[in-house]
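Visitor: Model the structure of this input:
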Amino acid sequence: MFVEKYRPKKFSDIAGQKSALKELISWMNTWGTDKKACLLDGPPGNGKTTSVYVLADEMNLEIIEMNASDKRNAEAIEKIVGNASQTYSLDGRKRIIVLDEADN
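Guide: Numbers count the residues shown, from 1 in each chain. Below is the predicted model:
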């Protein structure tokens, strides 16, 4: 798909979100000390999900994603997110858990 082919792959490819990206990187650098979650909010198409994928790629993190189209109830979230939040990936990387379109 065209959108995926040209999706930014690194922070320098993302236009118009320098302040937000700086805050996201700062959050990730202090994650685990006193911060547990980050909520990205904004209109569709402004780069929220792309920014998280770029962050994961540049910081060598694994992504676990649940989308609004997935079956989502407390049991489903606990099954996927609960286990993922308590363990590392098979290769020892930390994980980012994305609940995309959480407002749906």
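
Visitor: From now on I want contacts and neighbour counts done on CA atoms only, so please keep to that.
Guide: Noted.

Visitor: if I pick the residue nearest the centre of the chain, what's in contact with it?
Guide: When Cα atoms, centre = their mean is applied to the chain, the residue found nearest the centroid is Val52 (3.8 Å). Listed by Cα atoms under 8 Å, 6 or more residues apart in numbering, the contact set of Val52 is empty.

Visitor: ok, what's across the strand from Val98?
Guide: On the basis of DSSP bridges, Val98 is bridged to Glu65.

Visitor: doesn't Ala56 make contact with it?
Guide: No. Counting by Cα atoms under 8 Å, Val98 stays clear of Ala56, with 10.8 Å between them.

Visitor: so what sits against both of the two?
Guide: Ile63.

Visitor: which stretches of this protein form strands?
Guide: Secondary structure of the chain (DSSP state E): strands at 62-66, 95-99.

Visitor: on that earlier part again, for the residue nearest to the centre of the chain, give its distance to Leu61.
Guide: Per Cα to Cα, to the nearest Å, Val52 is found 10 Å from Leu61.

Visitor: before we move on, what about Gly45?
Guide: 23 Å.

Visitor: Over to Gly42?
Guide: Using Cα to Cα, we find Gly42 at a distance of 23 Å from Leu61.

Visitor: what do you get for Thr49?
Guide: Going from Thr49 to Leu61 by Cα to Cα gives 14 Å.

Visitor: Tell me what angle the lengthiest helix in the chain forms with strand 95-99.
Guide: Using DSSP state H to define each element, the chain has its longest helix at helix 18-30. With axes from the mean of the first three to the mean of the last three Cα atoms, to 10 degrees as the basis, helix 18-30 and strand 95-99 are set at 130 degrees to each other.

Visitor: Please name every helix or strand in contact with the helix or strand of the chain with the lowest mean pLDDT.
Guide: Least confident helix or strand, the chain: helix 83-86 with a mean of 72, by mean pLDDT, DSSP states H and E. Other helices and strands packing on helix 83-86, by 3 or more Cα pairs under 8 Å, 6 or more residues apart in numbering; DSSP states H and E, are strand 95-99.
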